[in-house]
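Visitor: Got a predicted structure here, sequence first:
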Amino acid sequence: MGKLKRSLRVLARARNLFVVINEAKVYYDPFDKNATTAREMLRRFQSNAVLKNNPKILVEGHQDITHRPPRIEIQYHDGDKQHLFPSGLPVQDILGMIESVARWKLPGAQNPFVATAAKSK
């Protein structure tokens, strides 16, 4: 029962992460064995749960057969961009990288670095 609770908690946290994403582009070579994480992230971006929480998200999957490593480009609502190269990384590591940026963009989140800079002025 502990694994189920943990999985549901991770799923809810991941859905909240995708709320602040405006656009996600996934580039991968369909014949590359290192592109499994990129394909899994594309599947997660296009899942019903994410589209229900963020219906305005624009998701594009590009099959790139030029033998370049897979990459993910994410654009947030405030215009910031994040480029990820998931070759050989597990999905949880990619979600952690997205979370490290997205958690400060959620409504009500306050970046401690910005808050301390504003107080010092």
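Guide: Okay, I see it.
Visitor: Touching, residue 30 and residue 63? I think so.
Guide: Yes - if you go by Cβ atoms under 8 Å, residue 30 and residue 63 touch, sitting 5.2 Å apart. For every residue, glycine as well, the C-beta is placed using N, CA and C.
Visitor: neighbour-wise, which of these two wins?
Guide: For residue 30 versus residue 63, the count of surrounding residues by other Cβ atoms under 10 Å is larger for residue 63: 12 against 9.
Visitor: ranges for the helices of this protein?
Guide: 2-17, 36-45, 48-53, 91-102, 112-120 (DSSP state H).
Visitor: can you give me the offset of the shortest one from its chain's centre?
Guide: Centroid separation between helix 48-53 and its chain, computed with Cα atoms, centre = their mean, to the nearest Å, is 13 Å.
Visitor: And for stretch 78-85?
Guide: Here the centre of mass of C-alpha atoms in stretch 78-85, compared against the chain's by Cα atoms, centre = their mean, lies 9 Å away.
Visitor: List of residues touching that stretch?
Guide: Contacts with stretch 78-85, where a contact means Cβ atoms under 8 Å, 6 or more residues apart in numbering, come from 69-76, 94, 97-98, 101, 105.
Visitor: rank the helices of the chain by pLDDT, which is bottom?
Guide: When the helices of the chain are compared on mean pLDDT, helix 112-120 scores lowest, with a mean of 56.
Visitor: In this protein, where's the longest strand?
Guide: Taking DSSP state E as the criterion, the chain has its longest strand at strand 21-28.
Visitor: List the strands paired with that strand, with their directions.
Guide: Applying DSSP bridges to the sheet, strand 21-28 is found paired with strand 58-63 (parallel), strand 71-76 (antiparallel).
Visitor: Identify all contacting residues around that strand.
Guide: Contacts for strand 21-28 (Cβ under 8 Å, 6+ apart): 35, 38-39, 41-42, 45, 54, 56-64, 68, 70-77, 98, 102.
Visitor: Give me the buried positions along stretch 85-93.
Guide: For stretch 85-93, the neighbour count (16 or more other Cβ atoms under 10 Å) marks 85-87, 89, 91 as buried.
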